[in-house]
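Chemist: take a look and give me a structure for this.
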Amino acid sequence: MCSNVRTLGLTAIALVLVGACAPQTSVVKLYEDPARTTKTYSRLLIVDISSDHSQQQLFEDELASKLQQDRVDAIPIHAKLDTSKGVSQGDINRVGDEVGADAILVTHIA
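Modeler: As a prediction, the model looks like this:
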């Protein structure tokens, strides 16, 4: 019995050490268009992709609020469309056109 507990404990410690040595995930810019010009956006449609509808609404509202503090007209998509069952690219494009958005900011928190 003591041998099994000891083996289990040593295995757990080994797994933690191996996990700690694993490389950390980092975000890498894969491509930047050298011909791209800087543009200022003034009216953004905010879309969060989430499986939790209430969290999606909270995040869209918070992001829109912060952008509005910087004088950007930001509209959360849930204010214009029932997103409780998700949204399609067509829905996003249609709402973007309806509100006159000059950009669509799509987020997904993993």
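Chemist: give me the pLDDT for A79.
Modeler: In this model, A79 is scored at 95, pLDDT.
Chemist: I'd like to know how many residues surround it.
Modeler: Close neighbours of A79, defined as other Cβ atoms under 10 Å, add up to 15. In short, each C-beta sits where N, CA and C put it, glycine included.
Chemist: C-terminal to the least confident helix or strand in the chain by mean pLDDT, what's the next element?
Modeler: Among the helical and strand segments of the chain, the one scoring lowest on mean pLDDT, DSSP states H and E is helix 2-21, with a mean of 59. As assigned by DSSP states H and E, the chain's next helix or strand after helix 2-21 is strand 43-48.
Chemist: can you dump the C-alpha coordinates of that following strand into CSV?
Modeler: What follows is strand 43-48, C-alpha atoms only, in CSV (Å, rounded to 0.1, in the frame of the first residue of the first chain):
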residue,chain,number,x,y,z
ARG,A,43,-17.3,53.1,-36.2
LEU,A,44,-16.7,49.5,-35.1
LEU,A,45,-19.0,46.5,-34.8
ILE,A,46,-17.9,44.4,-31.9
VAL,A,47,-18.4,40.6,-32.2
ASP,A,48,-17.3,38.1,-29.5
